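> Please work out how this folds:
(one chain, ligands or ions: 1)
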Amino acid sequence: MLNFDGMKRKTLGLALGLALAAGTGAAFAPTAHAQEVTLRGASMFDENHAFTKTMVKFAELVDQYYDGETKFDLRLNGELGVEKDYVNFLQQGVAIDYTIMAPSNMAKFAPSIPLMDMPFLFRDLDHWNKVLSSDAFGPLEAELEKNADIMVIGYTGGGVRNLVSSKPITNLDELAGHKMRVMGAPIQAQIFAALTAAPSAIAYNEVYNAIQSGVIAGFENEAASIQNLKFYEVAPNVTLTKHTITVRPIVMSGKSFRKLPEALQAAIKKAGSEAGAFGRELESREDGIKLQEMVDAGQIKVSEFEGRDKLLEMVIPVQDAFAAEINASDLLTAVRGM
Ligand code: X1X
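Residues are numbered from 1 along each chain as shown. Prediction:
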């Protein structure tokens, strides 16, 4: 957690995946001397994943914009758990200070936030870019901050989520009754149920085993993560439903943030926004490349989904009902109209 000790010279310390020093609650030890701040981050992936690279970039930018001392202790490979754990840590202000999260993994605190990564929300990358360059998601951020004390300091993402399964799923007949894992937000299950699949919410770190043991027949994910966590070993079929272009907020615990000097807070906000832009460019550019790498390596077989347009028709009423339930019908209309 936040940790302030004496520091003589300005260094950017970026520790990747070191052993966990027990940390519950901010250790705040101001002295009369210059202070070193340590911020702990978490990634479910190794150093090659776009999320990890984005958090490394964030650290570099904070160092560039802040004149004081900052250390970043970024724990990789799910050492500190998965996103559904991170959201609790951030809300309580323990164990980690910042990370990158799927909005659907924050639904328990902010019911409206999963609208950001609702399947079939974006038409294409241009639309996604337009929405993320606007302040359309401001009210959703505000609910997250109010309910969970979690701040959005930037947006990364840009991966395209597709069906990933042990057997090919290439049309509506094959999708009917397909047992698949979805993220925890109810809207995720509602969308795939409307497509006649049989979705269930399972923790991300249980997905590989659940597919391997036949509890489920697949899930949905983007290329960067399929490759990084080797999901192709148990689910080598990728169907191009292209149902989501990911929106991944870079988030920080408000409890951690408020303990920081003002100049560092300003540097974090600027760095968060710029690291987000870096991450969006990186992951959206690499998405197709990573898919092709897995094809070339014989790790996945890619199929089109016959009649993808029909899927869109089937989910519109579900999207509308969700937006109405969270009082965001106008917001959804505005996003669709961009
Ligand atoms: O499906 C998930 O839970 C995960 O999928 C990818 O790894 C990422 O998008 C991550 O944010 C998480 O949502």
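> and the residue of the stretch 151-300 of the chain nearest the ligand?
Among all residues of the stretch 151-300 of the chain, Ser225 sits closest to the ligand, at 3.3 Å; criterion: Cβ to the nearest ligand atom. C-beta coordinates here come from the backbone N, C-alpha and C atoms, glycine included.
> Model confidence score at that residue, please.
You'll see Ser225 listed with a pLDDT of 98.
> which element is it on?
helix 223-228 (DSSP states H and E).
> where exactly do the strands run in the stretch 51-200 of the chain?
Secondary structure of the stretch 51-200 of the chain by DSSP state E, counting those that start in this stretch: the strands cover 69-75, 98-100, 150-165, 179-182, 198-201.
> okay, the ones you listed in JSON lines with mean neighbour count, mean pLDDT and distance to Val318 next?
As requested, the strands of the stretch 51-200 of the chain are arranged in JSON lines below (neighbours: other Cβ atoms under 10 Å; pLDDT from 0 to 100; distance: least, Cβ to Cβ, whole Å):
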{"stretch": "strand 69-75", "mean neighbour count": "22", "mean pLDDT": "97", "distance to Val318": "37"}
{"stretch": "strand 98-100", "mean neighbour count": "28", "mean pLDDT": "98", "distance to Val318": "27"}
{"stretch": "strand 150-165", "mean neighbour count": "25", "mean pLDDT": "98", "distance to Val318": "17"}
{"stretch": "strand 179-182", "mean neighbour count": "22", "mean pLDDT": "98", "distance to Val318": "13"}
{"stretch": "strand 198-201", "mean neighbour count": "16", "mean pLDDT": "98", "distance to Val318": "12"}
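> could I get those strands as TSV with distance to the ligand?
Putting those into TSV (distance: least, Cβ to the nearest ligand atom, whole Å) gives the following:
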stretch	distance to the ligand
strand 69-75	16
strand 98-100	7
strand 150-165	7
strand 179-182	8
strand 198-201	10
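> residues in the stretch 1-150 of the chain within reach of the ligand, list them.
Glu83, Ala102, Asn105 (Cβ under 6 Å from any ligand atom).
> how about TSV for the residues you listed, with distance to Tyr208, pLDDT and neighbour count added?
Shown next, in TSV, are these (distance: Cβ to Cβ, whole Å; pLDDT from 0 to 100; neighbours: other Cβ atoms under 10 Å):
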residue	distance to Tyr208	pLDDT	neighbour count
Glu83	16	98	23
Ala102	17	98	25
Asn105	17	97	22
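> and those, which of them are in helices?
With helices taken from DSSP state H, the overlap with those comprises Glu83.
> Out of the residues of the stretch 1-150 of the chain next to the ligand, flag the one nearest to the ligand.
Ala102 (3.1 Å).
> so Ala110 makes contact with Glu143?
Yes. Using Cβ atoms under 8 Å, Ala110 is in contact with Glu143, at 4.6 Å.
> more neighbours, these two?
Ala110 (23 against 17; other Cβ atoms under 10 Å).
> for the more buried one, what are its contacts?
Applying Cβ atoms under 8 Å, 6 or more residues apart in numbering, one finds that Ala110 lies in contact with Leu140, Glu143, Leu144, Asn147, Ala148.
> How much space separates it from Glu222?
Relative to Glu222, Ala110 is positioned 22 Å away (criterion: Cβ to Cβ, to the nearest Å).
> What of Ala267?
In terms of Cβ to Cβ, Ala267 sits 30 Å off from Glu222.
> Can you tell me the number of residues neighbouring Asp320?
So Asp320, with other Cβ under 10 Å, has 13 neighbours.
> Mind checking what secondary structure it has?
Three-state call for Asp320 (DSSP: H, G, I helix; E, B strand; the rest coil): helix.
> Distance from stretch 216-225 to the middle of the chain?
14 Å (Cα atoms, centre = their mean, to the nearest Å).
> First-to-last residue distance for it?
18 Å (Cα to Cα, to the nearest Å).
> helices or strands next to the longest helix anywhere in the chain in the packing?
Counting by DSSP H, the longest helix found in the chain is helix 262-296. Where contact means 3 or more Cβ pairs under 8 Å, 6 or more residues apart in numbering; DSSP states H and E, helix 262-296 is packed against helix 50-65, helix 125-133, strand 150-165, helix 223-228, strand 237-253, strand 301-304.
> thought Asn147 was touching Phe109?
Yes. The pair Asn147 / Phe109 is scored as a contact, 4.9 Å apart, by Cβ under 8 Å.
> Phe231 against Glu222, yeah?
No. The criterion here is Cβ under 8 Å, and Phe231 misses it with Glu222 at 10.6 Å.
> My guess is the residue of the stretch 151-300 of the chain closest to the ligand contacts Phe45. True?
Yes. Taking contacts as Cβ under 8 Å, Ser225 lies within contact range of Phe45: 7.1 Å.
> Listing request: residues of the chain with sub-threshold pLDDT.
1-34 (pLDDT under 70).
> rerun at 50
1-12, 17-33 (pLDDT under 50).
> so the nearest residue to Phe51 once chain neighbours are set aside bridges to which residues?
Spatially, and ignoring its direct neighbours in sequence, Phe51 is nearest to Ile100 (4.6 Å; Cβ to Cβ, 6 or more residues apart in numbering). Beta-bridge partners recorded for Ile100 (DSSP bridges): Ile250.
> which ones are touching Ile100?
With Cβ under 8 Å, 6+ apart, Ile100 has these contacts: Ser43, Phe51, Thr54, Met55, Thr156, Arg248, Pro249, Ile250, Val251, Gly279.
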